[in-house]
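Undergrad: Let's see this in three dimensions:
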Amino acid sequence: MSRPNFLFFITDQQRYDHVGYAGNPVLKTPHIDSIATAGSWFSRFFVASPTCMSSRATLMTGRMPSLNGVRFNGVPLDLDSVTFVDILRAAGYRTALIGKSHIQGMLEAASMAPEPDLGEGEPAPEALSEARRSHYSKDDYSAEMQEVWARTPDQAARIRLPYYGFDHVRFCLGHGDQVAGHYEQWLHEKHQEQVGRGLNNASERSAVGAPQVYKPAMAEDFYPTRFVAEETSAYLEQHAAGEAEGPFFIQCSFPDPHHPFTPPGHYWSMYAPDDVPLPDSFYRPQKDATPPVRRLWDAYESGAETRRWTFPFVTGEAEARDIVAKTYGQITMVDDAIGSVLATLDRLGLRENTVVCFLSDHGDYLGDHGLMLKGPMHYRSIVQVPFAWSDPDPAYRRGRIDALASVLDLARTVLARAGLRPYNGIQGVDLVPVLAGRSQNTDRRLLVETTTQYPYLGFRDLVSVSTLIDERWRLSVWQGCEWGELYDLENDPGELRNLWADEAYRTVREALLLDLVHTIQNHSETSPYPLSVS
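TA: Numbers count the residues shown, from 1 in each chain. Next up is the predicted model:
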């Protein structure tokens, strides 16, 4: 068999249990399910960092955020970074990025990070103001900024290709119905650019006042999910028509189901709030699990809560059910879009040599302990995501796989499946032997990192959390704090009991702390290769 094509479907902020194939009793995702049932799906697949940019940069580079530099949203991936897509392209692959990229910042807003204390004296020249010189200016990292697209009519033509290895780029920048980039050009072509967007133009709002929930004024046919599917199918048509030689790698990336929760048309009312399940921990929240969780609950119970765009918050049951119901609507719309792309793949006769994958960049609390959105609390709902791999070679069809795996593994795995050697410095594990049933990947320890770029949740400085996940336990260490988190995921999958301070688990905690140190050491830098022995 020749080198396979790759079609990666990526969603934004979708929990591991928000797919039908994993047992969700209400949510309908037949097309996503077909990818899993026709191939393999991982029941314990985790991200390396639960924020968009840090996770997506890890996917692209196969390197932890502490090495690739994208510690949190707002820090772009260095344009000098080597990605696995670069290697595919160098080997003759045609490469396309359609939809949400988010490996550069999407907003021009000033950073909320505290200014570093560099002491007194004359400041260094701008070119020497950071630890590494850069060959690029700030303008070189504006390709995905919504404001730049708004004021620069020819922004699409100004994007430097290849873009982190992608020859073809069609951007969705933003979320909900307020998306910019190539999507807005597409709306203009369809004469729909004047349709009012955003909360103030909504055709309907949450009946229970749930935050960030509204029905867009635009019809389903013009929502960003349709744009991503339509552009992906068009690219497949061009490939089948022989407009480009070689196999393809397509990243088909949907901005949903990320907040705001805005399913359009009939997807808005597809799921009744009373019918959707909430996590068990919603009804038994561990309010004192950590000081940040306690702080969020105190704000909610005192009426002083803020529901800012990306900050986690606590909500009541009626609001939580409405948010989850609307999230389900967004996911089913994405599932329908995936179905249309898969139908194109089949119609063109391309499925027989195409690896099809489905995953999300991170999850959403969506009711865990009463919380919504995302943050540095590394509950499974935000660090565990769905992942399915459907391979044309039956040797890689294993059904459910319980081995621990990570987004960090995918760069190495795709290159291995394509028969290509990776670059020095790549991390993670090649999952091909696991997919082929030659390895169970046992005794695995996964590392998850968060380093915010602003202080919040009661912290005076940046919030940094390091997490170790093994076959049974989840241990999280918060920088500068004597308290931490320890959960027995085998006997407490809902993370309802923090065992950190339990004397009966002291030996377990100490052993895992040593494992965490060793795992961090095992993820240290190996690039560049030394030039000499001296």
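Undergrad: Against residue 57, how distant is the residue most central in space within the chain?
TA: Among the residues of the chain, the one closest to the centroid is residue 361, at 1.4 Å (C-alpha atoms, centre = their mean). To residue 57, residue 361 is 10 Å away according to C-beta to C-beta, to the nearest Å. C-betas here are computed from N, CA, C, even on glycine.
Undergrad: if we can go back for a sec, next up, the contacts around the residue nearest to the centre of the chain.
TA: By C-beta atoms under 8 Å, 6 or more residues apart in numbering, the residues touching residue 361 are 10-13, 47, 52, 55-56, 59, 102, 385, 407.
Undergrad: Between all of these, which two are separated the most?
TA: Greatest spacing in these, by C-beta to C-beta: 102 and 385 (15.3 Å).
Undergrad: Give me the more crowded residue out of those two.
TA: Each of residue 102 and residue 385 has its neighbours counted (other C-beta atoms under 10 Å); residue 385 has more, 30 against 26.
Undergrad: Wait, that one touches residue 364, no?
TA: No. With contact defined as C-beta atoms under 8 Å, residue 385 does not reach residue 364; the gap is 10.2 Å.
Undergrad: which residues are in contact with both of those two?
TA: 14-15.
Undergrad: Tell me how many other residues surround residue 373.
TA: 22.
Undergrad: quick one, phi/psi of it?
TA: Torsion angles at residue 373 (phi, psi; degrees, to the nearest 10) stand at phi 70, psi -130.
Undergrad: do the same with the one 4 residues further on
TA: Here the main-chain torsion angles of residue 377 (degrees, to the nearest 10) amount to phi -80, psi 110.
Undergrad: mind checking how far the residue nearest to the centre of the chain is from residue 407?
TA: 8 Å.
Undergrad: cool, and residue 380?
TA: According to C-beta to C-beta, residue 380 stands 15 Å off from residue 407.
Undergrad: repeat for residue 316
TA: Distance, residue 316 to residue 407, by C-beta to C-beta: 33 Å.
Undergrad: I'd guessed residue 469 sits against residue 380; true?
TA: No. The pair residue 469 / residue 380 is not scored as a contact, 9.0 Å apart, by C-beta under 8 Å.
Undergrad: Buried residues, the helix or strand of the chain with the lowest mean pLDDT. List them.
TA: The helix or strand of the chain with the poorest confidence is helix 155-158; it has a mean of 90 (mean pLDDT, DSSP states H and E). Residues of helix 155-158 classed as buried by neighbour count (16 or more other C-beta atoms under 10 Å): 155-156.
Undergrad: ditto for stretch 239-256
TA: 239, 246-256.
Undergrad: surely residue 359 meets residue 409?
TA: No. The criterion here is C-beta under 8 Å, and residue 359 misses it with residue 409 at 11.1 Å.
Undergrad: Looking at those two, which is more packed in?
TA: Each of residue 359 and residue 409 has its neighbours counted (other C-beta under 10 Å); residue 409 has more, 28 against 21.
Undergrad: Over to that one: give its phi and psi.
TA: Note on residue 409: backbone dihedrals following degrees, to the nearest 10 are phi -80, psi -20.
Undergrad: now it, nearest residue through space, not along the chain?
TA: With C-beta to C-beta, 6 or more residues apart in numbering as the measure, residue 428 is the residue that lies nearest to residue 409, at 3.9 Å, once sequence neighbours are left out.
Undergrad: Touching, that neighbour and residue 404? I think so.
TA: No. Applying C-beta under 8 Å as the test, residue 428 and residue 404 come out as separate, 11.7 Å apart.
Undergrad: in the stretch 1-150 of the chain, what spans have low per-residue confidence?
TA: Scanning the stretch 1-150 of the chain for pLDDT under 70 picks out 1.
Undergrad: so where do the strands sit in it?
TA: For the stretch 1-150 of the chain, the strands defined by DSSP state E, counting those that start in this stretch occupy 5-11, 40-42, 45-46, 94-99.
Undergrad: tell me the contacts of residue 86?
TA: With C-beta under 8 Å, 6+ apart, residue 86 has these contacts: 162, 164-165.
Undergrad: wait, isn't residue 71 in contact with residue 463?
TA: No. If you go by C-beta under 8 Å, residue 71 and residue 463 don't touch, sitting 11.2 Å apart.
Undergrad: overlap in contacts of these two?
TA: Common neighbours of residue 71 and residue 463 (C-beta under 8 Å, 6+ apart) are residue 451.
Undergrad: Residue 316 and residue 407 - which one has more neighbours?
TA: Comparing residue 316 with residue 407 by other C-beta under 10 Å, the one with more neighbours is residue 407, at 24 against 12.
Undergrad: What's the separation between that one and residue 188?
TA: Distance, residue 407 to residue 188, by C-beta to C-beta: 35 Å.
Undergrad: ok, back up a step: what is in contact with residue 361 and residue 407 at once?
TA: With C-beta under 8 Å, 6+ apart, residue 361 and residue 407 have common neighbours 47, 55, 59, 385.
Undergrad: Show me the one in those that has more neighbours than the rest.
TA: Of the shared contacts of residue 361 and residue 407, with other C-beta under 10 Å as the count, residue 385 tops at 30 neighbours.
Undergrad: if we can go back for a sec, setting the sequence-adjacent residues aside, check what's closest to the residue nearest to the centre of the chain.
TA: Residue 361 sits nearest to residue 55 (C-beta to C-beta, 6+ apart), 4.4 Å away.
Undergrad: longest single helix anywhere in this structure?
TA: helix 317-347 (DSSP state H).
Undergrad: Now do the helices in the stretch 201-350 of the chain.
TA: Along the stretch 201-350 of the chain, the stretches classed as helices by DSSP state H, counting those that start in this stretch are 224-240, 280-283, 291-302, 317-347.
Undergrad: Indicate which one of those helices is closest to residue 42.
TA: helix 317-347 (18.1 Å).
Undergrad: Give me the angle between that closest one and helix 224-240.
TA: On the basis of axes from the mean of the first three to the mean of the last three C-alpha atoms, to 10 degrees, helix 317-347 is oriented at 10 degrees to helix 224-240.
Undergrad: what packs against helix 317-347?
TA: strand 5-11, helix 30-37, helix 224-240, strand 354-360 (3 or more C-beta pairs under 8 Å, 6 or more residues apart in numbering; DSSP states H and E).
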